[in-house]
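Q: Kindly return the folded structure for what I paste below:
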Amino acid sequence: MRVATASGENADVGGRAVFVAAAVALCWLAGEDAAFRDAGELGAAAHGLGTAHPTGFAFDLLVLRLFSFLPLGNIAWRQNVATALEAAGALGLLAHLSSRLARGLGVEDVGARTAGGIV
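A: Model (predicted):
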């Protein structure tokens, strides 16, 4: 499926569809507390803006910290929703990039590119 953008070109919406579907599903499944076998150290480090691991996870901790300010549910649920939206964004980006790759390889059918991006 294609939709006209502000610049007048057509853009594939497969990546957007995957993002929305994944965001709805993952946010609906977000747990109220730390999950099974989850120590919760990333959530605790984000709450105090500390360092969870030697690599730091700087972007993830900042996103978790921003979501901890939302006035919805408890902090663990808000941070689980943030993680779900990050995962949905990664899936949407992967679907979009695979569709662009298929277009670059010469696949003309928009439905085939969208289906390939979703799969």
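Q: At which residues are the helices of this protein located?
A: With helices called from DSSP state H, the chain shows them at 14-28, 41-48, 58-68, 75-104, 110-118.
Q: do you know which of the ones you listed lies nearest A34?
A: Proximity to A34 (C-beta to C-beta) singles out helix 75-104 among the helices of the chain, at 5.9 Å. Heads up, the C-betas are built off the backbone N, CA and C, glycines and all.
Q: on that earlier part again, turn the helices of the chain into a markdown table, including distance to A34.
A: Shown next, in a markdown table, are these (distance: least, C-beta to C-beta, whole Å):
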| stretch | distance to A34 |
| --- | --- |
| helix 14-28 | 16 |
| helix 41-48 | 7 |
| helix 58-68 | 13 |
| helix 75-104 | 6 |
| helix 110-118 | 31 |
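Q: Now render those helices as CSV, adding mean neighbour count and mean pLDDT.
A: Converted to CSV, those look like this (neighbours: other C-beta atoms under 10 Å; pLDDT from 0 to 100):
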stretch, mean neighbour count, mean pLDDT
helix 14-28, 17, 86
helix 41-48, 17, 72
helix 58-68, 16, 81
helix 75-104, 18, 85
helix 110-118, 17, 67
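Q: So A52 is in contact with L42, correct?
A: Yes - A52 lies in contact with L42 (C-beta atoms under 8 Å); the separation is 4.9 Å.
Q: Need the residues touching each of the two.
A: Counting by C-beta atoms under 8 Å, 6 or more residues apart in numbering, the common neighbours of A52 and L42 are L61.
Q: nearest spatial neighbour of H53, skipping sequence neighbours?
A: Computed as C-beta to C-beta, 6 or more residues apart in numbering, the closest residue to H53 that is not its neighbour in sequence is E41, at 7.9 Å.
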